[in-house]
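In: test case, fold it:
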Amino acid sequence: MDILLVASAFNSLSQRVYAELSDEGHRVDVVLASYGPDAVRAAVQEVRPELVIAPMLKSALREDVWQEHTCLIVHPGPPGDRGPSSLDWAIEQEAPRWGVTVLQAEAAMDAGDIWADRSFPVPPAGKSDVYRNEVSDAASAAVSLAVRRFADGSYKPRPQSDSGIQVVWRDFFRQERRRIDWENDSTRTVLSKLRGADSQPGVLDELCGREVFLHGGHPEDRLRGRPGELLATRSGAVCRATRDGAVWIPELRPRKNSGDPAPFRRPAASVLAGFPPPPGSHGMQGSVDRPYWLPEIAAPLVLPPGRTTWTDIRYRQQGDIGFLTFSFPGGAMSTTHCRRLLAAYRYALSRPTSVLVLGGSRDFFSNGIHLNVIEASSDPAGESWSNLNAMNDLVEVVLRTTDRLVVAALGGNAAAGGVMLALAADEVWCRTGSVLNPHYRRMGLYGSEYWTYTLPRRVGAETAERLTGEALPMSAATAERTGLVDRLVPASAQEFPGEIERLAAVLAGDPDLPQRIAAKTTARHADELQRPLAEYRRTELARMRAIFFDPEAPYHALRSAFVRKLPAGSPRPLEGAR
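Out: Predicted coordinates for the structure are as follows:
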């Protein structure tokens, strides 16, 4: 079937729907609604689709489009739910279950007949995390069912006027409702408000006399202060006191009209570093990474039992298995992130284990270098270079690990250098429903992280060239068939960490494991003799350096447009698999 996806952004859900419908044999094209209604109309006329699907749409389809074509809208709410902020309300009201509904477009918002729906339990997680996992799983299943029903031709969609469907209109979730009352709100309330607003739109607040949006929230069990007081920084995050505790906030975003040259999300401490210090602060010189007037309080890599605090990198050990988990907002890894994760990885190597699991958390694995931090830098080319070298240092150490088996456990999506970090491991385990983008082309980059070594050795030179050239998202199932992934893990996002522990225990108990480790050592030595890793790195970095330090290279405009959420490229449809 010819299907046209209309999306406000080619985000994680749009990419998953695209990849999985392509897997089912459909011809899928994509047009971004952000280019305007004329672009959508032109795409419809050019593609002449049998079915139009909007997996993520912030604006209504034009009447002439939905009247002339069957258009299915993916709504992140249960049947009868209507309004633009459904998931925000679900998290704010701590709904135990929520849903996704695929309904037919009509004049009234979210009022069309229902083609399919799926429900899911709501975990205690941020909105963006739930969206990329539970919502994505439910939406994928509902879209697939709706497409099958449409293709069959005999299914009659269910009107929302049917008995048993309670219609509830939920207004736009405004900042007035999100606002935090630091004097009176409990930690639980503060966390609910923060989690309900990440990654967008954030919670509007004031810090050091300036308005900023707060993104993300995690509880802290020990630090205390006056309500609203800034207490400390940690690995880019900032800790703020509540009425009865404290919370960690990983990212801040200055308002667009604030005069800040970088009004987009980035590590909270680096945003604060650019603000005037509060009255009475004196002494040390500030830095670009953190405000000098707040203490940096590190968290132990191995958290003792009973501690409740935020840290983005953790290590734990169970018998012969080491688990090195990490979780960076948006999956982006800055120079600092890479260096800290490298230090943690080296610590993990000092432990007596035979299996080391890298990753294993729900949500993003890694999306490679941190474009927001790079864009905010006074020297984007230099920061790009530093970030890429730090990423390469990390990948190289994983590639050179020969005394144990390394497993990359992908609980969520991965892209660019994040995929190559996973491919440096001996085995790649991937949750079904994850989306992989094993390419760099859409950011105007050649790529690095030893991809010219790891990608062809898994899929062959011809397929490696196709994957990096087409630059299309890939489902977990296709990644397994292609050879990028060794094992699919059919578990929910909540169940994934536990399933990884079980599978790792089976691997560690395999009587053939010592022979596998020995064979790995032999293979690495043979590969090094054939072509040293240093040569792969040198060749890749030469190409990347030429791009980074060329002010006319498309990378700079593409990066800026991506970070600042500006249109870039052509409004023509993205052609999918045939």
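In: just name the shakiest helix or strand of this protein by mean pLDDT.
Out: Lowest by mean pLDDT, DSSP states H and E among the helices and strands of the chain is strand 574-575, with a mean of 56.
In: what residue ranges in this structure score low on pLDDT?
Out: Scanning the chain for pLDDT under 70 picks out the ranges 281-287, 568-578.
In: sketch out the strands for the stretch 301-450 of the chain, chain order is fine.
Out: Taking DSSP state E, counting those that start in this stretch as the test, the strands found in the stretch 301-450 of the chain are 313-318, 321-326, 355-359, 405-410, 414-415, 427-431, 435-437.
In: and the shortest one, what does it pack against?
Out: Read it as strand 414-415. In terms of contacts (3 or more Cβ pairs under 8 Å, 6 or more residues apart in numbering; DSSP states H and E), strand 414-415 is packed against strand 435-437. Bear in mind the C-beta positions are built from the backbone N, C-alpha and C, glycine included.
In: can you name the element that comes right after the strand it packs on?
Out: helix 451-459 (DSSP states H and E).
In: mind checking how far whatever helix or strand comes next after that next one is from the chain centre?
Out: The helix or strand immediately downstream of helix 451-459 is helix 461-470, counting by DSSP H and E. Here helix 461-470 is found 23 Å from its chain centre; the criterion is Cα atoms, centre = their mean, to the nearest Å.
In: ok and helix 461-470 relative to helix 451-459, angle-wise?
Out: Angle of helix 461-470 versus helix 451-459, following axes from the mean of the first three to the mean of the last three Cα atoms, to 10 degrees, is 120 degrees.
In: and the contacts of helix 461-470?
Out: Pro438, His439, Tyr440, Arg441, Gly447, Trp451, Leu455, Pro456, Val459, Met474, Thr482, Gly483 (Cβ atoms under 8 Å, 6 or more residues apart in numbering).
In: any idea how far the fifth one is from Glu465?
Out: What that stands for is Gly447. Here the criterion is Cβ to Cβ, to the nearest Å. By it, Gly447 lies 12 Å from Glu465.
In: which of these two has more neighbours?
Out: Gly447 (23 against 13; other Cβ atoms under 10 Å).
In: could you check how far that one is from Thr401?
Out: Between Gly447 and Thr401 the computed distance is 22 Å (Cβ to Cβ).
In: if you rank the contacts of helix 461-470 by neighbours, which is first?
Out: Of these, with other Cβ under 10 Å as the count, Pro438 tops at 28 neighbours.
In: which residues are in contact with Pro219?
Out: Thr187, Leu191, Gly245, Ala246, Val247, Trp248, Thr308, Thr309, Trp310.
In: scan those and report the most crowded one.
Out: Within the contacts of Pro219, most neighbours by other Cβ under 10 Å means Trp248, with 26 neighbours.
In: surely it forms part of a strand?
Out: Yes. Under DSSP: H, G, I helix; E, B strand; the rest coil, Trp248 falls within a strand.
In: surely it is in contact with Ala241?
Out: No. Look at Trp248 against Ala241 with Cβ atoms under 8 Å: they stay out of range, at 11.4 Å.
In: right, and Asn437 touches Ala416 too?
Out: Yes. Using Cβ under 8 Å, Asn437 is in contact with Ala416, at 6.6 Å.
In: let me know the secondary structure of the residue of the chain positioned farthest from its centre.
Out: Residue farthest from the centre of the chain, counting by Cα atoms, centre = their mean, is Gly280 at 39.5 Å. Recorded secondary structure, Gly280: coil (three-state DSSP).
In: just list the residues touching Ile313, thanks.
Out: Residues near Ile313 by Cβ under 8 Å, 6+ apart: Ser235, Leu301, Leu324, Thr325, Phe326, Arg340, Leu341, Ala344.
In: can you get me a residue count around the third one?
Out: Summarising burial for Leu324: neighbours were counted as other Cβ under 10 Å, giving 23.
In: which residues does it bridge with?
Out: Taking DSSP bridges as the rule, Leu324 bridges to Tyr315, Leu358.
In: and it, how far is that from Val395?
Out: According to Cβ to Cβ, Leu324 stands 14 Å off from Val395.
In: give the contact list for Leu61.
Out: Contact partners of Leu61, counting by Cβ under 8 Å, 6+ apart, are Val6, Val40, Val52, Ala54, Cys71, Ile73, Ala105.
In: could you measure from the closest residue to the third one other than its chain neighbours over to Ala105?
Out: This points to Val52. Distances taken as Cβ to Cβ, 6 or more residues apart in numbering place Cys71 nearest to Val52, at 4.2 Å, with adjacent residues excluded. As judged by Cβ to Cβ, Cys71 and Ala105 stand 4 Å apart.
In: anything in contact with each of those two?
Out: Residues touching both Cys71 and Ala105 (Cβ under 8 Å, 6+ apart): Ala54, Leu61, Val65.
In: I figured the first one was touching His69, is that so?
Out: It stands for Ala54. No. The criterion here is Cβ under 8 Å, and Ala54 misses it with His69 at 11.4 Å.
In: comparing those two, which residue is more hemmed in?
Out: Higher neighbour count among Ala54 and His69: Ala54, with 27 against 16, using other Cβ under 10 Å.
In: who are the contact partners of that one?
Out: By Cβ under 8 Å, 6+ apart, the contact list for Ala54 reads Leu5, Val6, Ala7, Ala33, Leu61, Cys71, Leu72, Ile73, Val74, Ala105.
In: spatially, which two of the residues you listed are the most separated?
Out: Greatest spatial distance in the contacts of Ala54: Ala33 and Leu72, 14.6 Å, computed using Cβ to Cβ.
In: who's more crowded, those two?
Out: More crowded of Ala33 and Leu72, by other Cβ under 10 Å: Leu72, with 25 against 22.
In: only alpha carbons, please: show stretch 539-550 as CSV.
Out: C-alpha atoms of stretch 539-550 as CSV (Å, rounded to 0.1, in the frame of the first residue of the first chain):
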residue,chain,number,x,y,z
THR,A,539,41.3,8.5,8.2
GLU,A,540,37.8,9.2,9.7
LEU,A,541,39.0,12.2,11.7
ALA,A,542,40.7,13.7,8.8
ARG,A,543,37.4,13.8,6.9
MET,A,544,35.5,15.1,10.0
ARG,A,545,38.1,17.8,10.8
ALA,A,546,37.8,19.2,7.2
ILE,A,547,34.0,19.5,7.8
PHE,A,548,34.2,20.9,11.3
PHE,A,549,36.6,23.7,10.4
ASP,A,550,35.1,24.7,7.1
